[in-house]
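J.: model the structure of this input:
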Amino acid sequence: MRKRLCCLAVLLFMGLSFAPRAAAEDALSTGREFTESFLAGAVDELWEVFTPDLQAVFGTAEGLRQFQGQVVSSFGSEPEIVFEELTDHEGWLVYQRILRFEGAEVDALIQWAFTEQGAIGGLYVTAVPREAPSEYLDYQTKTDLRLPFTGEWYVLWGGRTITENYHALDSAQRFALDFWVVKAGSTHGAEGLANEDYHAFGLPILAPGDGVVIAAVDGIPDNIPGVRNTQQPLGNYVIIDHQNGEYSFLAHLKEGSVAVKEGEWVQQGQLVGLCGNSGNSSEPHLHYHLQNSPDLGTGQGLPAQFRFYLADGKVVELGEPKRGEVVAPVE
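T.: Residues are numbered from 1 along each chain as shown. Next up is the predicted model:
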């Protein structure tokens, strides 16, 4: 790292009325222009389109200029664009870009919130970590894997980049997946105060492939939604040795539901437990990952390529689920 990295969260979504949305490509271009202007030091031009609330955060254009200088000196110049997207948040157009600077150990996230008229109401700049290095980016899964459930599940975290999958920070969980069940746009009915309110809670979790159970842990209480058990991060879990150097981890199972025992041979599709909310989990969901060791602390993550499933209604013969997809096995 060249110098101390800066981090400023300045997001103010308030006090404006909105016309209909601009075309997505026009809004993307606007976000790109803001970013390029900021990196180039065109502070005065940006200051003129800041909302009064955002101007108040910096005090003066000189305050914004000092912040811009801190960002550039922390990260560098001539960055490579790693990722960009445009979303809509409560009436604001939100553009974000991840930039990779030569010589920096982390990437930079720059985010703008603006109206279709070009008024800027939010600016966010921070350092983001990079994915853990992996020797297995081109790895082909040996085990014949199926999705470890029935019906439709939403991929909360999945993919190979930090933006798709926060697990990518960790070597062992480099390609891990988290699955929710979403109905009518929500993971739960009622108020979501009890585990039973959640659509995923108590659903069957299945062995993704044949193998020997080398760990089957039960007896850990399910959390109250919103409260995590960081002392026992996997919660109730099952580890399957596929007998080929690949090990499946299925975590956060419901207390009292683990249906297999250590040393037992299981077949693909066999019930191993029920979806729960135990361990380092804030609400009922399934955590799954594949790695090259039975030890979570020393193993390296392996890409898990599943056979014959639906992703957003389309058949995938062999693939890796990604964040935002609705997936279901082809039965």
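J.: is the residue nearest to L286 when sequence neighbours are not counted in a bridge, and if so with what?
T.: Sequence neighbours aside, F179 is the residue nearest to L286 in space, at 4.6 Å (criterion: CB to CB, 6 or more residues apart in numbering). Where you see a C-beta, it was placed from the backbone N, CA and C, and this is true even at glycine. Taking DSSP bridges, one obtains V155, L286 as the residues bridged to F179.
J.: what's around F179, how many residues?
T.: By other CB atoms under 10 Å, the residues close to F179 number 24.
J.: where's it relative to C275, distance?
T.: Applying CB to CB, to the nearest Å, the value for F179 to C275 is 8 Å.
J.: also G151?
T.: According to CB to CB, G151 and C275 sit 11 Å apart.
J.: which one of these two has more residues nearby?
T.: Shown here are G151 and C275; by other CB under 10 Å, C275 has more neighbours (27 against 13).
J.: isn't the more buried one up against L203?
T.: Yes: if you go by CB atoms under 8 Å, C275 and L203 touch, sitting 4.6 Å apart.
J.: what sits in contact with each of these two?
T.: Listed contacts common to C275 and L203 are F149; contacts here mean CB atoms under 8 Å, 6 or more residues apart in numbering.
J.: hang on, the earlier thing: list residues touching both of G151 and C275?
T.: L203.
J.: show me where this protein has its helices.
T.: 24-40, 43-49, 52-58, 61-75 (DSSP state H).
J.: mind listing the shared neighbours of F179 and C275?
T.: Common neighbours of F179 and C275 (criterion: CB under 8 Å, 6+ apart): 149, 200, 285-286.
J.: can you find the helix or strand in the protein with the smallest mean pLDDT?
T.: When the helices and strands of the chain are scored by mean pLDDT, DSSP states H and E, strand 8-11 comes last with a mean of 41.
J.: from what I can see E325 touches D312, true?
T.: Yes: contact criterion CB under 8 Å: E325 and D312 qualify, at 5.6 Å.
J.: between those two, which has more neighbouring residues?
T.: More crowded of E325 and D312, by other CB under 10 Å: E325, with 19 against 10.
J.: and that one, what does it touch?
T.: Going by CB under 8 Å, 6+ apart, E325 touches 154-155, 158, 311-312.
J.: 7 Å - rerun?
T.: By CB atoms under 7 Å, 6 or more residues apart in numbering, E325 lies in contact with 155, 311-312.
J.: any chance of the residues you listed in a markdown table, with distance to F58 and pLDDT too?
T.: What follows is these, written out as a markdown table (distance: CB to CB, whole Å; pLDDT from 0 to 100):
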| residue | distance to F58 | pLDDT |
| --- | --- | --- |
| V155 | 39 | 97 |
| A311 | 44 | 98 |
| D312 | 42 | 97 |
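J.: now those as JSON lines including distance to S134?
T.: Converted to JSON lines, the contacts of E325 look like this (distance: CB to CB, whole Å):
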{"residue": "V155", "distance to S134": "20"}
{"residue": "A311", "distance to S134": "23"}
{"residue": "D312", "distance to S134": "27"}
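J.: which one of those is nearest N236?
T.: The shortest gap between N236 and any of the contacts of E325 belongs to V155, at 21.8 Å (CB to CB).
J.: what residues are up against the closest one?
T.: Each residue near V155 by CB under 7 Å, 6+ apart is listed here: 177, 179, 321-325, 327.
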